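Trainee: only geometry, no sequence info:
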């Protein structure tokens, strides 16, 4: 079973990630927790009523969130697929999902992610990361457990330490 970094620890991943290469004869099973590409999710959306839990969805870093607003309200997990570790738009997408769309489910980073990016991913609202290399999991835990307070605001604490001091 694949493992993910979630909520600060390494956990078994109970989600089955399906890519866009699945065939037209695919039949989703109600007891399996799927993460589906957007087009597959939309194709089977009406069939999810009998499912144990609604499948999650995979979106790209450049997803049009406005067109997915109804989907965002229904899914328990959104996985943002990073195509390159230098692509910062996934960080912005995560912030928008948390702040503007009030998404409260699991927000997962996947794809070209480096363990060094974990503190920044957490600050933007991600609470899980799926690494392509299992050895990156331990490195991510070590980085995420750092005890220093950031000077910048983030999704969890939008007011900077300076703003907190002057408001007193």
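Mentor: Right, received. Where do you want to start? Model, not experiment: these values are computed from the prediction.
Trainee: what helix or strand does residue 80 sit in?
Mentor: With secondary structure defined by DSSP states H and E, residue 80 is part of strand 77-82.
Trainee: Check which helices and strands that strand sits against.
Mentor: Applying 3 or more CB pairs under 8 Å, 6 or more residues apart in numbering; DSSP states H and E, we find strand 77-82 packed against strand 56-60, helix 89-99, strand 106-111. Where C-beta positions appear, they are placed from N, C-alpha and C, glycine not excepted.
Trainee: could the ones you listed be laid out in JSON lines, adding distance to residue 124, mean pLDDT and mean neighbour count?
Mentor: Written out in JSON lines, the entries for the helices and strands packed on strand 77-82 read as follows (distance: least, CB to CB, whole Å; pLDDT from 0 to 100; neighbours: other CB atoms under 10 Å):
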{"stretch": "strand 56-60", "distance to residue 124": "15", "mean pLDDT": "92", "mean neighbour count": "22"}
{"stretch": "helix 89-99", "distance to residue 124": "4", "mean pLDDT": "94", "mean neighbour count": "19"}
{"stretch": "strand 106-111", "distance to residue 124": "9", "mean pLDDT": "95", "mean neighbour count": "22"}
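Trainee: Any idea which of these gets closest to residue 167?
Mentor: helix 89-99 (20.0 Å; CB to CB).
Trainee: tilt between that closest one and strand 77-82?
Mentor: Relative orientation of helix 89-99 and strand 77-82, computed by axes from the mean of the first three to the mean of the last three CA atoms, to 10 degrees: 160 degrees.
Trainee: list the helices and strands helix 89-99 packs on?
Mentor: Applying 3+ CB pairs under 8 Å, 6+ apart, we find helix 89-99 packed against strand 77-82, strand 106-111, helix 118-123.
Trainee: Done for today, thanks.
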